[in-house]
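1. Below: sequence and its predicted model.
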Amino acid sequence: MIYRKKILLGLVLFVFMAGALFSAYVYRSIFSSNTSFEDESVAIYISTAAEPGRLSRALFPFLENTNTFLKVAKQKGYLAQVRGGKFIIKKGMSNNDIVNVLRSKPETVQVSFNNVERLENLAAKVSKLIEPDSTQLMNAFLDERFFLENEFSKATALSMYIPNTYDFFWNTSADGFRDRMLKEYRIFWNEKRMQQAADIGLSPLEVSSLAAIVHKESVKKDERPRVAGVYLNRLKKNIKLQADPTVIFALKHTQKDFNQIINRVLYKDLKINSPYNTYKYKGLPPGPIFMADISAIDAVLYPEKHDFIFFVADTSRFGYHIFAKTLRQHNRNKRQYVRWLNERNISR
């Protein structure tokens with residue numbers, strides 16, 4: 001009888017100890033730290049596509065024990081509904097904490113862009129900041145149906161992307177990025193800007209095309225309204241714009257080589273047959289030759305009023321220009337610039 005009691009007591013103690021050990025294991029699995037990195041926090045990026053290994057590639061390198069995480073994640077129903085995005089995991093988080101973070105709203109990323117010459121450059125830059133690759137972004141940028149519905153074309157599409165800093169979810173789709181930029185474009189072109197464009201006789205797309213030239217002509221923001229005034233004077237007088245940056249773009253566009261560096265426009269370049277060559281064709285080019293920043297756009301909307309028709313680089317004040325009202329004055333000003341180029345052997 002005593003022997004049976006000892007056996008029963010032993011079984012009770014065994015079950016109790018086993019239960020206690022199991023409870024401790026469960027507690028550690030759920031609530032103990034399971035991170036394996038030195039920084040205070042890390043950002044993980046989980047792909048939107050339901051592809052095998054997406055979780056292991058993004059998260060597992062930062063976990064101390066992947067098995068306990070998977071058990072907790074399965075119990076909490078996370079593995080059946082993994083969501084893509086950027087998430088912040090803090091040092092010392094438990095499996096329970098980590099799963100809760102991964103099930104919460106993803107973090108946003110800042111997307112900034114400017115100084116872009118073509119849509120291809122924009123796609124390459126943005127693809128480094130959000131999930132879609134440059135090919136997916138270009139497909140969205142060049143969607144003919146989107147163009148028709150929103151009155152853009154391949155030539156004018158760059159105008160839609162107003163350079164600034166925007167918050168996006170990292171896993172925003174290519175179409176989602178493009179559509180958000182359309183929304184920002186419409187916000188930018190508010191009633192006041194639309195009216196100002198109408199007052200100078202241009203549409204928003206035309207303003208963007210001229211602003212791109214102004215941007216390329218002058219790096220000095222305080223001078224841009226004066227440069228814009230020159231081109232608006234030429235448009236009013238039905239004079240060709242004769243803007244060197246458009247010739248450079250025409251060369252690159254015609255030769256399909258946008259990597260070449262052109263520091264000097266030659267007389268032979270002025271004859272290139274391209275709608276972007278404003279020495280050959282009157283009016284504005286078919287679209288922007290560059291992504292104009294907001295200061296250049298506003299310079300066109302609020303130009304300096306004057307009688308200047310010409311300008312050339314001022315070699316005594318780097319970045320600025322000398323302006324002229326007559327061709328005779330301009331030719332005199334131009335000589336100092338040509339002399340400066342020749343002295344430095346800048347032939348191209």
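-> Alright, I've got the coordinates.
2. who touches Pro288 in this structure?
-> Pro288 is in contact with 156, 158-159, 208-209, 211-212, counting by C-beta atoms under 8 Å, 6 or more residues apart in numbering. From N, CA and C alone the C-beta is placed, and that goes for glycine too.
3. Inside helices: which ones of the residues you listed?
-> Using DSSP state H, the subset of the contacts of Pro288 located in helices is 208-209, 211-212.
4. neighbours around Thr315, how many?
-> Using other C-beta atoms under 10 Å as the criterion, Thr315 is surrounded by 15 other residues.
5. Quick check: it touching Arg335?
-> No - judged on C-beta atoms under 8 Å, Thr315 makes no contact with Arg335 at a distance of 10.7 Å.
6. Excluding chain neighbours, give the residue nearest to Trp189 in space.
-> Of all residues beyond its chain neighbours, the one nearest Trp189 is Pro204 (5.1 Å), with distances taken as C-beta to C-beta, 6 or more residues apart in numbering.
7. Can you pull the phi and psi angles for that neighbour?
-> phi -60, psi -40 (degrees, to the nearest 10).
8. for Val42, same thing?
-> Backbone torsions of Val42, given as degrees, to the nearest 10, read phi -130, psi 150.
9. show me what contacts it?
-> Applying C-beta under 8 Å, 6+ apart, one finds that Val42 lies in contact with 62, 88-89.
10. Closest to Phe323 out of those residues?
-> Taking C-beta to C-beta as the measure, Phe323 sits nearest to Ile88 out of those, at 53.1 Å.
11. secondary structure class for the closest one?
-> Secondary structure for Ile88, judged by DSSP: H, G, I helix; E, B strand; the rest coil, is strand.
12. close enough to count as contact, it and Ala43?
-> Yes - look at Ile88 against Ala43 with C-beta under 8 Å: they come within range, at 5.7 Å.
13. So for the two, which residues contact both of them?
-> Applying C-beta under 8 Å, 6+ apart, one finds that Ile88 and Ala43 are jointly contacted by Glu107.
14. picking that back up, Serialize the contacts of Pro288 to TSV and add fields for neighbour count and distance to Ser274.
-> Supplementary listing: the contacts of Pro288 in TSV, determined by neighbours: other C-beta atoms under 10 Å; distance: C-beta to C-beta, whole Å:
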residue	neighbour count	distance to Ser274
Thr156	19	16
Leu158	24	17
Ser159	24	19
Ser208	28	19
Ser209	27	14
Ala211	28	20
Ala212	29	15
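15. Distance to Asn342 for those residues - can I get that in TSV?
-> Listed next are the contacts of Pro288 as TSV, based on distance: C-beta to C-beta, whole Å:
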residue	distance to Asn342
Thr156	38
Leu158	35
Ser159	37
Ser208	35
Ser209	32
Ala211	32
Ala212	29
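16. What is the nearest of these to Ser36?
-> Comparing the contacts of Pro288 against Ser36 with C-beta to C-beta picks out Leu158 as the nearest, at 44.8 Å.
17. got a list of what that closest one touches?
-> Leu158 makes contact with 116, 118-119, 122, 208, 287-288, 291 under the criterion C-beta under 8 Å, 6+ apart.
18. mind listing which of these are in helices?
-> 119, 122, 208.
19. just curious, which of the residues you listed is nearest to Met181?
-> Minimum separation from Met181 among those (C-beta to C-beta) is found for Leu122, which lies at 9.5 Å.
20. was I right about that closest one contacting Met181?
-> No - with contact defined as C-beta under 8 Å, Leu122 and Met181 do not form a contacting pair (9.5 Å).
21. Overlap in contacts, these two.
-> By C-beta under 8 Å, 6+ apart, Leu122 and Met181 have these common neighbours: Tyr161.
22. Between these two, which is the more surrounded one?
-> Comparing Leu122 with Met181 by neighbour count (other C-beta under 10 Å), the higher total belongs to Leu122, at 23 against 20.
23. residues in contact with the nearest residue to the more buried one once chain neighbours are set aside?
-> Spatially, and ignoring its direct neighbours in sequence, Leu122 is nearest to Val116 (4.8 Å; C-beta to C-beta, 6+ apart). Contacts of Val116 were listed using C-beta under 8 Å, 6+ apart, and they are 122, 125, 158, 161, 163, 290-291.
24. Compute the distance between the residue nearest to Trp189 and Asn345, please.
-> Relative to Asn345, Pro204 is positioned 42 Å away (criterion: C-beta to C-beta, to the nearest Å).
25. Between these two, tell me which one has more neighbours.
-> Counted by other C-beta under 10 Å, Pro204 and Asn345 do not tie: Pro204 has more neighbours, with 20 against 6.
26. List the contacts of the more buried one.
-> Contact criterion C-beta under 8 Å, 6+ apart gives 159, 189, 193-194, 197 as the residues in contact with Pro204.
27. Kindly reformat those residues as CSV containing secondary structure.
-> Written out in CSV, the entries for the contacts of Pro204 read as follows (three-state DSSP):
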residue, secondary structure
Ser159, helix
Trp189, coil
Arg193, helix
Met194, helix
Ala197, helix
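28. Most widely separated two among these?
-> When those are compared pair by pair using C-beta to C-beta, the two farthest from each other are Ser159 and Met194, 14.0 Å apart.
29. Contacts only, for Pro285.
-> Pro285 makes contact with 209, 213, 246, 249, 275-276, 278, according to C-beta under 8 Å, 6+ apart.
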